[in-house]
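Enquirer: sequence first, predicted model second:
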Amino acid sequence: MDLSEVFKSTLLIGPELSLIIAGLIIIVLDPILRDSAKKNLFGIALLGLAVGFILNIKRFGVPETAFSGALSLDQFAAYFNVIFLIGAFLAVIFSRDYLSKISKHSNELYALILFSTSGMMILSSGKEFMSLFLGFEIMSISVYILSAFNRKSVRSTEAGIKYLILGGFSSAILLYGIALLYGASGSVYLDEILSKFDPTNPLFLAGSALVLVGFIFKIGAFPLHQWVPDVYEGAPMPVTAFMSVGVKAAAFAILLRVIFEGFAEIQLTIMPVLWIVAVFTMIVGNIAAIAQKSIKRMLAYSSIAHAGYALVGVVAAYGGDKLAVSSVIYYFFAYMFMNLGAFGVLAYLSRDGKECETFEDISGLWKKRPYLALALGVFMFSLAGIPPTIGFFAKYRIFLSAVQADFYWLAIIGILSSVVSAYYYIRVLVYAYMKDDTATFPSFKIASSIVLVVLCIGTLLLGVFPFDSWHLALEAAGSVLVALNGG
């Protein structure tokens, strides 16, 4: 690859570079600026994300490749990048209000969110395993630090250490699987691995299995889900919100790309395994969530269950069904609104360094902060899949794709699991609306309030008029299935 191609490829990754540059500016300026001027670094973080979002819109047009085909800048990547960028933008805003009382190093958190988001964007575009692994590590290392960001909290430090150790093991397993696939095929490019794939070669099978194990850990699915509640509970609330959406969506993005662009020859072997994983992930996540006394931990187990719902769509996409793939992609677009909103309300209600975690912490919310109670109700109904919210349409598309692919039992189990989940979501609203107002709540926060209003409107409006965003998901699914269909 000559210098001209390197320069052209560098220009093509403008969205990722805008985040990296903004993060570096924050890191460099933070130690040398006066305290009164440091608040401007918050604006630099938002500006970097806004520039990245604008540049990413171009990728919805004609797909391009960068760095000799290592990155595919197509609609599939662009759609997931929208999720990452919006999630990061809102997490930065929530963090500003949240961190003012617990840390003097909030600017470091903004930079880490930007770096992590750039890793997610590289992941969604990756067409070969080295780029994928690079994206994983950029994302993961940043998130490890974010999990332990609250230095005054023992639980936050514990969460970061647990995530670092377990994440290191999963990365090692993933890298070993990549090494086996490279040894078998002589290439790290997904399309070349697909063309040379030999299902009778044990190196191909072992490598594929290890890579899938690494992905299952990253998405927090059964049986490698144990880290999720501990890490989510210990991490600062805005970080948990960002992780629950961004990390999970990034892992599913690359899972879809690898299955349909690299492992298409062994889909018959992979899908029954994912069928079992999806069922147990939904069941374990929902049953465990019922027993929780902490709202934050309950939402962590809920996120495990939602990973199971998304896996239903992955299984239904067997053979390259475009509608099923698009249902998975759309599910994370919807999940961004409702899950960020739920954690955003909890971050808003956290005060004086104490997080809003237990059900008692929201007791009587309706009487003292009715607008927050209303927002919480919208997000809980959407997570439960109750119309007319975006969560209903997203689950409808997932389960419909399973029925159309003749996975009737999988759809039935998914629907029943979703019905069970309504119990613990409504339990949150019982405390917020029907209990005595014994809890104390913080004063008005204008930035977080604006974000919650936007998320509420998006959750309801896109639930009633979902088709434009759904059409974009269909086009994104088509771009990732090109290799499978011989395009």
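Expert: That came through fine.
Enquirer: what about residue 436, how many neighbours?
Expert: 9 (other CB atoms under 10 Å). (C-beta placed from N, C-alpha, C; glycine too.)
Enquirer: show me the contacts for it.
Expert: 363, 364 (CB atoms under 8 Å, 6 or more residues apart in numbering).
Enquirer: does it count as helix, strand or coil?
Expert: coil (DSSP: H, G, I helix; E, B strand; the rest coil).
Enquirer: for it, phi and psi?
Expert: phi -70, psi 150 (degrees, to the nearest 10).
Enquirer: again, but for residue 358
Expert: Dihedral angles (degrees, to the nearest 10) for residue 358: phi -90, psi 170.
Enquirer: bridged to it, which residues?
Expert: residue 294 (DSSP bridges).
Enquirer: residue 194: which element?
Expert: Taking DSSP states H and E as the criterion, the element that holds residue 194 is helix 190-196.
Enquirer: using CSV, list the CA coordinates for the following helix or strand past that helix.
Expert: For helix 190-196, the following helix or strand on the C-terminal side (DSSP H and E) is helix 202-219. Extracted as CSV, the C-alpha positions of helix 202-219 are listed here (Å, rounded to 0.1, in the frame of the first residue of the first chain):
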residue,chain,number,x,y,z
PRO,A,202,-10.1,-29.2,12.8
LEU,A,203,-8.1,-26.0,12.8
PHE,A,204,-11.0,-24.2,11.1
LEU,A,205,-13.5,-25.6,13.6
ALA,A,206,-11.4,-25.0,16.7
GLY,A,207,-10.6,-21.5,15.6
SER,A,208,-14.2,-20.7,14.8
ALA,A,209,-15.3,-22.1,18.2
LEU,A,210,-12.8,-20.0,20.2
VAL,A,211,-13.7,-16.8,18.3
LEU,A,212,-17.4,-17.4,19.0
VAL,A,213,-16.6,-17.9,22.7
GLY,A,214,-14.8,-14.6,22.8
PHE,A,215,-17.9,-12.9,21.2
ILE,A,216,-20.3,-14.6,23.6
PHE,A,217,-18.3,-13.1,26.5
LYS,A,218,-18.3,-9.6,25.0
ILE,A,219,-22.1,-9.7,24.5
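Enquirer: in helix 202-219, what's buried?
Expert: 204-205, 207-219 (16 or more other CB atoms under 10 Å).
Enquirer: for the stretch 301-450 of the chain, which spans come out with low pLDDT?
Expert: Counting by pLDDT under 70, the stretch 301-450 of the chain shows low-confidence ranges at 319, 351-353, 438-439.
Enquirer: so what's the residue count around residue 21?
Expert: As a burial measure, residue 21 scores 17 neighbours (other CB under 10 Å).
Enquirer: quick revisit: what's in contact with the helix holding residue 194?
Expert: Here helix 190-196 makes contact (CB under 8 Å, 6+ apart) with 127-129, 181, 184-187, 257-258, 261-265, 483.
Enquirer: please pick the buried ones from the residues you listed.
Expert: By 16+ other CB under 10 Å, the contacts of helix 190-196 give 127-129, 181, 184-185, 187, 257-258, 261-265, 483 as buried.
Enquirer: measure the nearest residue to residue 235 once chain neighbours are set aside to residue 307 for me?
Expert: In this structure, residue 235 finds its nearest non-sequential neighbour in residue 147, 4.3 Å apart by CB to CB, 6 or more residues apart in numbering. Look at residue 147 and residue 307: by CB to CB, to the nearest Å, they are 18 Å apart.
Enquirer: equivalent analysis for residue 324, please.
Expert: 16 Å.
Enquirer: swap in residue 290?
Expert: With CB to CB as the criterion, residue 290 and residue 307 are 17 Å apart.
Enquirer: likewise for residue 348?
Expert: 26 Å.
Enquirer: repeat for residue 115
Expert: Residue 115 is 24 Å from residue 307, by CB to CB.
Enquirer: what's the answer for residue 356, then?
Expert: 24 Å.
Enquirer: higher neighbour count, those two?
Expert: Legend: neighbour count by other CB under 10 Å for residue 356 and residue 307, higher for residue 307 (27 against 21).
Enquirer: in helices only, show me the buried ones among the contacts of helix 190-196.
Expert: 129, 181, 184, 185, 257, 258, 261 (DSSP state H).
Enquirer: okay, among those residues, which ones form the most distant pair?
Expert: 184 and 257 (19.2 Å; CB to CB).
Enquirer: what average pLDDT does stretch 110-121 get?
Expert: Averaged over stretch 110-121, pLDDT sits at 93.
Enquirer: just how off-centre is that stretch within its chain?
Expert: In terms of CA atoms, centre = their mean, to the nearest Å, the centre of stretch 110-121 is set 12 Å apart from its chain centre.
Enquirer: which residues does stretch 437-452 contact?
Expert: Looking at what lies outside stretch 437-452 - CB under 8 Å, 6+ apart - the contacts are 90, 93-94, 96-97, 341, 344-345, 347-351, 360-365, 367-369, 371-372, 375.
Enquirer: start and end of it, how far apart?
Expert: The first and final residues of stretch 437-452 sit 22 Å from each other (CA to CA, to the nearest Å).
Enquirer: follow-up on the earlier one: flag the least confident of the buried ones among the contacts of helix 190-196.
Expert: residue 483 (49).
Enquirer: got the CA coordinates for stretch 348-366 in PDB?
Expert: Taking C-alpha atoms only, stretch 348-366 is exported to PDB below (Å, rounded to 0.1, in the frame of the first residue of the first chain):
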ATOM      1  CA  TYR A 348     -30.000  12.100  37.400                       C
ATOM      2  CA  LEU A 349     -31.400  10.900  40.800                       C
ATOM      3  CA  SER A 350     -27.900  10.200  42.100                       C
ATOM      4  CA  ARG A 351     -26.800  12.900  44.500                       C
ATOM      5  CA  ASP A 352     -23.800  13.900  46.700                       C
ATOM      6  CA  GLY A 353     -21.700  10.900  45.500                       C
ATOM      7  CA  LYS A 354     -24.400   8.400  46.400                       C
ATOM      8  CA  GLU A 355     -26.000   6.500  43.500                       C
ATOM      9  CA  CYS A 356     -29.700   5.900  43.100                       C
ATOM     10  CA  GLU A 357     -29.600   2.100  43.300                       C
ATOM     11  CA  THR A 358     -32.300   0.600  45.500                       C
ATOM     12  CA  PHE A 359     -36.000   0.600  45.000                       C
ATOM     13  CA  GLU A 360     -36.300   2.700  48.100                       C
ATOM     14  CA  ASP A 361     -34.200   5.400  46.400                       C
ATOM     15  CA  ILE A 362     -37.000   6.100  44.000                       C
ATOM     16  CA  SER A 363     -39.900   5.800  46.500                       C
ATOM     17  CA  GLY A 364     -42.400   8.500  45.900                       C
ATOM     18  CA  LEU A 365     -40.700   9.900  42.800                       C
ATOM     19  CA  TRP A 366     -44.100  10.700  41.300                       C
END
